[in-house]
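Student: this one's structure only:
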């Protein structure tokens, strides 16, 4: 959520290059309205209609989605208020993109590890519910980004069989897969971390990937 359209466009483009789906909102009201279904919220505190701290508070009342506050305000009181209102992290402008990316990945990891299983999956290793868009690893629910889920669901359709990169691109990115090579690699790496020892995503060089379930 960023009120400067040029900044939002530039940041959104960089995040898309790393495989993230991005929805921009230029006002606090839009941020509150459109956060539903998001995996993470980047919240600029300098929004034109509502103070970002208040937006943070309202979003937190609605959902437990991870929130990273982004602001030029560097005073300790601003950071404390944002964190107390529910922000998971606070980044001061100007910032480097790689730093922001690292903070996003760290917050998503913490959110994933904090998940507890909410059902009783049949499999002790890996259970995928495509309809509910939910995944359990060793009976513990983990949070996957949308593209991560699509990749895993496709690989899991034929365990042990190779799924080509072109097929993955078409399934996950559709007609907008040009330049997605790096994004696929980043998502595969993230999936490996989240699956732990429950499954192995094996690379078949020059061809694609296959999913192997472990004992």
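Tutor: Sure thing, it's come through. Since we're looking at a predicted model, the values are computed, not measured.
Student: what's the spacing between the residue lying closest to residue 166 once chain neighbours are set aside and residue 183?
Tutor: In space, and not counting its chain neighbours, residue 166 is closest to residue 208: 7.9 Å by CB to CB, 6 or more residues apart in numbering. For glycine as for every other residue, the C-beta is placed from the backbone atoms N, C-alpha and C. Separation of residue 208 from residue 183 (CB to CB, to the nearest Å): 15 Å.
Student: how near is residue 162 to residue 168?
Tutor: From residue 162 across to residue 168, the span is 11 Å (CB to CB).
Student: list the residues that contact both of these two?
Tutor: Listed contacts common to residue 162 and residue 168 are 208, 209; contacts here mean CB atoms under 8 Å, 6 or more residues apart in numbering.
Student: Remind me which helix or strand residue 22 belongs to.
Tutor: For residue 22, there is no host helix or strand (DSSP states H and E).
Student: so it sits right up against residue 16, yeah?
Tutor: Yes: the pair residue 22 / residue 16 is scored as a contact, 5.7 Å apart, by CB atoms under 8 Å.
Student: where's residue 212, which helix or strand?
Tutor: Residue-wise, residue 212 maps onto strand 208-213 under DSSP H and E.
Student: Give me the sheet partners of that strand and which way each runs.
Tutor: Applying DSSP bridges, strand 208-213 is found paired with strand 163-164 (antiparallel), strand 199-204 (antiparallel).
Student: of all these, which lies closest to residue 31?
Tutor: Nearest of the strands paired with strand 208-213 to residue 31, taken as CB to CB: strand 199-204 at 34.5 Å.
Student: Residue 188 is in contact with residue 182, correct?
Tutor: No: using CB under 8 Å, residue 182 is not in contact with residue 188; the gap is 10.9 Å.
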